[in-house]
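# Output the structure for:
(one chain, ligands or ions: 2)
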Amino acid sequence: MMTDITIALSKGRIFDDTAPLLKSAGIVAQDDPETSRKLILATNRSNIQLVIVRASDVPTYVQYGAADIGIAGKDVLQEHGGAELYQPLDLNIARCKMMVAVREGFDYEAAVHQGARLRIATKYLQTARDHFAAKGVHVDLIKLYGSMELAPLVGLADAIVDLVSTGSTLKANHLVAVEEIMPISSRLIINQAALKLKRETIQPILDAFAAAVKK
Ligand code: ATP
Ligand code: MG
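Ligands and ions are numbered 1, 2, ... in the order given. Below is the predicted model of the structure:
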């Protein structure tokens with residue numbers, strides 16, 4: 001009897017980029033999460049189900065063992081802290097960059113050089129705190145939940161810390177990226193206890209993902 005496995009992932013780009021990897025592991029969802037309202041999706045494999053959760057909630061489900069396996073962005077893992085998660089594989093999907101951006105014409109280098117206290121709006125408090133602490137820049141962090149690009153335009157912040165891929169959203173809002181904090185991609189995460197107890201089911205999935213990852 002094969003063990004039951006739950007895989008947590010978010011819809012949108014993570015699901016879109018993960019579906020081919022799942023397929024190469026012989027796993028196909030029975031419903032499309034974009035059109036279905038179901039939160040638990042059966043797959044073609046009777047012992048494997050998918051749960052569809054908010055991207056930032058994926059590590060929590062895996063940490064507590066409510067899901068055995070998850071797929072989460074490095075941005076999300078950085079904020080979560082990664083406690084109790086085994087992170088064996090960079091899937092090289094949903095790639096973008098964590099960046100500092102400011103309003104066009106704002107002299108970021110000068111502000112940093114002068115030791116000015118900067119107001120930073122972001123959803124990524126931990127990442128921003130670590131980045132500016134390492135640079136020795138004093139910052140006031142303002143937590144936002146979305147549309148960070150607006151903050152410098154209305155005087156809420158001097159700068160934002162956000163994910164950038166093409167840069168078109170920044171450009172449309174007259175913002176410029178001034179510093180790269182880290183490259184971002186999504187990783188496979190596995191509950192450590194589940195890996196020990198269900199290795200005969202999890203290991204082949206891990207191997208198939210590893211073989212299918214685009215370098
Ligand atoms: P929501 O958009 O519902 O607030 P979210 O931003 O957490 O939630 P997504 O926008 O689906 O969710 O992003 C999921 C993951 O995809 C992020 O955690 C990040 O790793 C990655 N991602 C986010 N934005 C981009 C982007 N512009 N290009 C590539 N990958 C991205
Ligand atoms: Mg988003």
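
# Could you report the pLDDT at the residue of the chain found nearest ligand 1?
In the chain, the residue that lies nearest ligand 1 is G73 (1.9 Å; C-beta to the nearest ligand atom). Backbone N, C-alpha and C define where each C-beta goes, glycine included. Listed pLDDT for G73 reads 98.

# give me the number of residues near it?
26 (other C-beta atoms under 10 Å).

# Isn't it up against P183?
No: the pair G73 and P183 fails to qualify as a contact (C-beta atoms under 8 Å) at a distance of 11.2 Å.

# Give me the common contacts of the two.
Common neighbours of G73 and P183, counting by C-beta atoms under 8 Å, 6 or more residues apart in numbering, are absent.

# give the contact list for the nearest residue in space to the residue of the chain closest to ligand 1 that is not next to it in sequence.
Among residues not flanking G73 along the chain, S186 sits closest, at 5.0 Å (C-beta to C-beta, 6 or more residues apart in numbering). With contact set as C-beta under 8 Å, 6+ apart, S186 has these partners: I14, D17, T18, I71, A72, G73, K74, D90, L91, I93, A94.

# For S186, give me the backbone phi and psi.
phi -100, psi 150 (degrees, to the nearest 10).

# Which per-residue confidence value corresponds to it?
Confidence score, pLDDT, at S186: 98.

# what packs against whatever helix or strand I202 lives in?
Using DSSP states H and E, I202 falls within helix 199-212. Using 3 or more C-beta pairs under 8 Å, 6 or more residues apart in numbering; DSSP states H and E, the elements in contact with helix 199-212 are strand 5-9, helix 13-24, strand 85-90, strand 186-191.

# so of those, which one's packed in deepest?
Across the helices and strands packed on helix 199-212, averaging neighbours per residue (mean count of other C-beta atoms under 10 Å) puts strand 186-191 on top, at a mean of 25.

# close to ligand 1, is the biggest strand by length in the chain?
The residue-count maximum for a strand in the chain (DSSP state E) belongs to strand 175-184. Yes: using C-beta under 6 Å from any ligand atom, we find that strand 175-184 touches ligand 1 at I184.

# Any buried residues in that strand, and which?
L175, V176, A177, V178, E179, I181, I184 (16 or more other C-beta atoms under 10 Å).

# For the chain, give me the ranges with low pLDDT.
By pLDDT under 70, the low-scoring segments of the chain are 1-3.
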